[in-house]
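[1] Below are the sequence and a predicted model; questions follow.
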Amino acid sequence: MLKEGYLYEFGPFRLDPVERLLLRDGKAVPLTPKAFELLLLLVENSGHLLRKDGLMQRVWPDAIVEEVNLAQNISAIRRALCAMGTEEKYIETVPKGGYRFTAPTHKVPREGPSTRDHDKPAVEQAAADQEYGPQRAWARVRHRANWLVTIALLTSAAFGLGFDVAGSRDTLVRFFYPRQIHSVVVLPLENLSADTSREYFAEGMTDALITDLARIRGLRVISRTSAMRYRGTKKSLGEIASELKVDAAIEGTVTRSDDRVRLNVQLIDATKDHHLWAESYERDLRDVLSLQNELAHAIAVQVRHELAPGAEGRRRQVHPEAYENYLKGRFRWNERTEAGLRGGIKHFHKAIELDPAYAQAYAGLADSYIMMANWGFMAPAEAYQNAEAAARKALQLDNQLAEARASLAYATFLYRWDWAEAEKLFRSAIELNPSYATAHHFYSVYLMAEGRHAEAQSEIRRAQELDPLSLIINSVVGWIYYEGRRYDQAIEQCQTTVQMDPSYAPALLDLGTIYLKTGEYQKAIAQFERARTLVGDKGVVLSYLAQAHALSGDKVAAKKILRSLESVSGPIFVSPWDFALIHLALGNREKSLSFLEQAVDQHVGWVVRLGVDPALDGLRAEARFTKLERRVGVPRAG
């Protein structure tokens, strides 16, 4: 029997209002009843803005529901439309307005017979399996409770008698002990604020949520760098989960209005694309730290893990403007450029000025100064001392702050050369926050510098598990192979990192450095020139280029670069470590040792590599070099 009416067609989809089906190439795409109603409203009004309150009244006419339910269903629709790899953006979010269906939509006559009755149950069941809402979740709990006594008796019998008829014992175990979530990714929170320039706020809240969840014991939380790469992605949740190897995802929205913040979040089983939990929070901005703590605790309950000791202690109020400056500081810090780091330092200082007891702002300041020193943007003695002072102040205010402990450990290692104290601090930072990828990353460099290469690889691989898309972490994997003289693996890893982002200069420099050691000088020069094109005439890039020309036999070109570096003046810092490597490549051993002595005197961070760096193998028999190793306190490689 034919049915009257029409279908809505957009992209590869057809929406059937009569059969209440979303079809793609004739195949049903599961949607819950409410999600279908919502999609139908949007499609019927394609191109027009539908306000949130109006949508909620139409979809839930006889119920009082939270706005989070609307956001959850919009999210479910978006995933359904993108689940088959389509790239179109169908639903536009209008901040403080509502939603608009943006795809061109056409009415087409209904063709062929209606969906046969025996096809409906599978579709309806698929939709029912995805139905989400606190009321339904509790209904399921109550339903299970009705059978509790009976099934408990069966379970007791199955275990007591050892029966496992047709797998009944395993079924009963799964019924009462559902799969525990061991890993999660926090997808970038969507900014619904009217002011679109406040993207930093949504990003900062995402970062804060990741940090707080990382304190949940036994839960692997994907780090910020990898999570942020999925901003605006069209990939399905299943694809993201597969790439990151996670069990669940957290997604949501954040709205900032004056000094109020509203956060809507939901926890989703990534393998089944099934909602597990959702909640909406609204607080005064002063209480945002308490909000973050409350949210982390709620999620810990849902994933059946416990917060680490001390993680409950952050319930203090924070000055709203100080919090904004902290978020802006982290936003700039994550740019990893000189301008970004300097801008971040200004914001952290402003946050501290407004709220002198703000421990996280001091931790951000410490991280910034460490990067300034490591990337050659600031004289190391000044930068590391500033980092150490800021980290100590942060720990004075909050002794359980893992980020501050990791920063203090790195400064203690790179500047103080107190190896034993640094390792103690690294271990305590990791114990406080096992999912803090940066702590594993920094600790791996420490282990590498001590010549403990197997342990270093273990730590950097752990960092890579937590932050698989981080370019710096993937680059350090190759760097540790290089320092361990496993050149083939080092080249392979660096090439992988370059493929991840061909514009990432540090990976190009690392790859070129390995080629120097394997004698492939023209390949090295090619990598260094690529890096030079990307970042300009930075001291470290020119240093590597000079080394390559010198080792390849073109000493004229090498000396020309050396003279240009010697004439550099102003705020640009050129490390004596770089000069030492150039002179060594030119065969000037005495000058190379003199510059290494200067590097030690100035506490250039990378002198901790004296005992392991292959580039320095030609100096190891020198008495002056041995003396430098003793000053820094590292064991000799060998």
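    Cool, the structure landed.

[2] I'd like the distance between the spatially most central residue of the chain and residue 289.
    Central residue of the chain (Cα atoms, centre = their mean): residue 224, 2.0 Å from the mean position. Distance from residue 224 to residue 289, counting by Cβ to Cβ, to the nearest Å: 18 Å. Quick note: C-beta positions are derived from backbone N, CA and C, even for glycine.

[3] got a list of what the residue nearest to the centre of the chain touches?
    206-207, 210, 334, 467 (Cβ atoms under 8 Å, 6 or more residues apart in numbering).

[4] Residue 276 too?
    Taking Cβ under 8 Å, 6+ apart as the test, what residue 276 contacts is 248, 267-269, 302.

[5] Now intersect those residues with the helices, please.
    Secondary structure from DSSP state H places residue 302 of these in helices.

[6] Report the buried members of the contacts of residue 276.
    The neighbour-count criterion (16 or more other Cβ atoms under 10 Å) marks 248, 267-269, 302 among the contacts of residue 276 as buried.

[7] Using pLDDT, spot the least trustworthy of these.
    For these, the weakest pLDDT value sits at residue 302, with 78.

[8] thinking again about what came up before, for ChimeraX, what selects the buried ones among the contacts of residue 224?
    This is how ChimeraX selects the buried members of these, with burial counted by 16+ other Cβ under 10 Å:
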select :206,207,210,334,467
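
[9] Kindly present the contacts of residue 224 as JSON lines, with separate columns for secondary structure, distance to residue 12 and pLDDT.
    Converted to JSON lines, those look like this (DSSP: H, G, I helix; E, B strand; the rest coil; distance: Cβ to Cβ, whole Å; pLDDT from 0 to 100):
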{"residue": "206", "secondary structure": "helix", "distance to residue 12": "31", "pLDDT": "87"}
{"residue": "207", "secondary structure": "helix", "distance to residue 12": "36", "pLDDT": "83"}
{"residue": "210", "secondary structure": "helix", "distance to residue 12": "35", "pLDDT": "86"}
{"residue": "334", "secondary structure": "coil", "distance to residue 12": "37", "pLDDT": "76"}
{"residue": "467", "secondary structure": "coil", "distance to residue 12": "35", "pLDDT": "91"}
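
[10] Return the member of the contacts of residue 224 nearest to residue 396.
    Nearest to residue 396 among those: residue 207, at 23.3 Å, using Cβ to Cβ.

[11] sorry, back to before: now, which of the buried ones among the contacts of residue 276 sits nearest residue 187?
    residue 268 (9.4 Å).

[12] Report how many residues lie close to the closest residue to that closest one other than its chain neighbours.
    Closest residue in space to residue 268, ignoring its immediate chain neighbours: residue 249 at 5.1 Å, by Cβ to Cβ, 6 or more residues apart in numbering. For residue 249, the count of nearby residues is 23 (other Cβ atoms under 10 Å).

[13] Contact partners for the closest residue to residue 17 other than its chain neighbours?
    Nearest residue to residue 17, sequence neighbours excluded (Cβ to Cβ, 6+ apart): residue 40, at 6.0 Å. Contact analysis of residue 40 by Cβ under 8 Å, 6+ apart lists 8, 15, 17.

[14] Only whichever of those residues are buried, select them in ChimeraX.
    Buried subset of the contacts of residue 40, written as a ChimeraX selection, criterion 16+ other Cβ under 10 Å:
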select :8,15
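
[15] Which of the contacts of residue 40 fall within strands?
    Assigned to strands by DSSP state E, the following of the contacts of residue 40 qualify: 8, 15.

[16] Kindly reformat the contacts of residue 40 as CSV containing distance to residue 436 and pLDDT.
    Converted to CSV, the contacts of residue 40 look like this (distance: Cβ to Cβ, whole Å; pLDDT from 0 to 100):
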residue, distance to residue 436, pLDDT
8, 48, 89
15, 46, 89
17, 50, 87
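
[17] In this structure, where is pLDDT below threshold?
    Counting by pLDDT under 70, the chain has low-confidence residues at 1-4, 62-68, 83-88, 95-96, 111-179, 194-197, 305-316, 568-573, 635-638.

[18] so can I have a markdown table of the buried ones among the contacts of residue 276 showing distance to residue 74?
    Listed next are the buried ones among the contacts of residue 276 as a markdown table, based on distance: Cβ to Cβ, whole Å:
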| residue | distance to residue 74 |
| --- | --- |
| 248 | 20 |
| 267 | 17 |
| 268 | 14 |
| 269 | 19 |
| 302 | 22 |
